[in-house]
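Student: A predicted structure for the sequence below; I have some questions about it.
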Amino acid sequence: MLEKYLIENCAPTLASLKTANLFCTPLGALGEVEHHVAVWNRKLSKKGLSLQILRKRGNRALIYVYRKNRLEADFMKPGVADFLAQYGYDRLNTVDALDRLRSRLKNCEGFPHEIGIFLGYPLGDVIGFIQNAGKNSKYTGCWKVYCNEYEALKLFARFERCREIYGRLWHEGKTVWQLTVTA
């Protein structure tokens, strides 16, 4: 069930080009999504990937696919801890930070803006989005770019190429396991 979603939405994370991706999936029968997430977690944890259900709303589940080592490195970047502290992230280990994110998602109709940090977006772009209320970006791709447009464009092109290659290889018979880079 989740394999198609992983390929279509998470190829850059599977390839270890990106910290994380999010996608929504139907909940299906009682416990079905939890079962599939647990199965994929067991498989992909050997390659440094984790899957978590961040929120269930209506008949949909929000799945977060991430590389713990990259997320921890992102938390250590200059300014990130101070930025996240403004939103109640007191401890920046992955367990506590993801618990806080889950809590923030429960109380938010859309997405709390700091989620960009959890997806590997540059801090300057996350802050730019907040300060500009999502307007006035230099470019819109995987996220709205406010700072380094040239670097973002190169990165977006790599992500798109990765999605194309992973999609083609998956349709040719490669599995998610085979396509996931160990990191």
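Tutor: Received it, and whenever you're ready, just let me know what you need.
Student: against residue 42, how distant is residue 163?
Tutor: The spacing between residue 163 and residue 42, counted by CB to CB, to the nearest Å, is 25 Å. Just so you know, the C-beta spots here come from the backbone N, C-alpha and C atoms, and that holds for glycine as well.
Student: helix, strand or coil for the residue nearest the centre of the chain?
Tutor: Nearest to the mean C-alpha position of the chain, counting by CA atoms, centre = their mean, stands residue 21 at 2.4 Å. The assignment at residue 21 comes out as strand when based on DSSP: H, G, I helix; E, B strand; the rest coil.
Student: same question for residue 54.
Tutor: For residue 54, the secondary-structure state derived from three-state DSSP is strand.
Student: distance check, it against residue 87.
Tutor: According to CB to CB, residue 54 stands 15 Å off from residue 87.
Student: comparing those two, which shows the higher neighbour count?
Tutor: More crowded of residue 54 and residue 87, by other CB atoms under 10 Å: residue 54, with 18 against 13.
Student: so which strand or helix has the nearest residue to the residue nearest to the centre of the chain once chain neighbours are set aside?
Tutor: Setting aside the residues directly before and after it, residue 21 is nearest to residue 10 in space (CB to CB, 6 or more residues apart in numbering), at 4.2 Å. Residue 10 is part of helix 2-14, with elements assigned from DSSP states H and E.
Student: how about the CA coordinates for that helix, as PDB?
Tutor: C-alpha atoms of helix 2-14 as PDB (Å, rounded to 0.1, in the frame of the first residue of the first chain):
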ATOM      1  CA  LEU A   2       2.600   2.600   1.000                       C
ATOM      2  CA  GLU A   3       5.200   1.600  -1.600                       C
ATOM      3  CA  LYS A   4       3.700   3.800  -4.400                       C
ATOM      4  CA  TYR A   5       3.400   6.800  -2.000                       C
ATOM      5  CA  LEU A   6       7.000   6.400  -0.900                       C
ATOM      6  CA  ILE A   7       8.200   6.400  -4.500                       C
ATOM      7  CA  GLU A   8       6.000   9.300  -5.600                       C
ATOM      8  CA  ASN A   9       6.500  11.500  -2.600                       C
ATOM      9  CA  CYS A  10       9.800  10.500  -0.900                       C
ATOM     10  CA  ALA A  11      12.300   9.700  -3.600                       C
ATOM     11  CA  PRO A  12      14.700  12.500  -2.600                       C
ATOM     12  CA  THR A  13      14.600  11.200   1.000                       C
ATOM     13  CA  LEU A  14      15.000   7.600  -0.100                       C
END
